[in-house]
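Novice: With the sequence up front, the predicted model follows.
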Amino acid sequence: MKFTAVNNIEVREEVVFRSNKDGSIVVMKMNDDDMFYKINGVAAEMWQKFSEKQSNLGEVANDLSKNYSIPSEKIISDAQIFLDKVLELELIRVA
């Protein structure tokens, strides 16, 4: 899927996660409790924002752009592989 700034992204209801002290996030689907995923770096920051109901990709990218002095378009472009993977794993929903 080609993600754009207008996409609204939500963490699926059946997904639980916790943040670690090192900034990484461990994610698990409730119906598949033997499989865990670790998300770190900027992807973890994106995940946190999506979980806080700041679901518009453009808004998330703009926030990260301010923190890292990187154009929001570059953040969206670079996030494509991560977003494709978490969508494929059914950890997020795109509205």
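Specialist: Everything's here; your move. Numbers count the residues shown, from 1 in each chain.

Novice: buried residues in the least confident helix or strand in the chain by mean pLDDT?
Specialist: Sorting the helices and strands of the chain by mean pLDDT, DSSP states H and E puts strand 32-39 at the bottom, at a mean of 88. Going by neighbour count (16 or more other CB atoms under 10 Å), the buried part of strand 32-39 is 37, 39. Yep, even glycine has a C-beta here, placed from its N, CA and C like the rest.

Novice: which stretch of helix or strand covers the most centrally placed residue in the chain?
Specialist: With distances taken as CA atoms, centre = their mean, the residue of the chain nearest its centroid is Trp47 (3.2 Å). Here Trp47 sits within helix 41-51, counting by DSSP states H and E.

Novice: buried ones in that helix?
Specialist: 42-51.

Novice: who's in contact with it?
Specialist: Residues outside helix 41-51 that contact it (CB atoms under 8 Å, 6 or more residues apart in numbering) are 9-11, 17, 19, 23-25, 27, 39, 60, 63-64, 67-68, 75, 79, 82, 86, 92.
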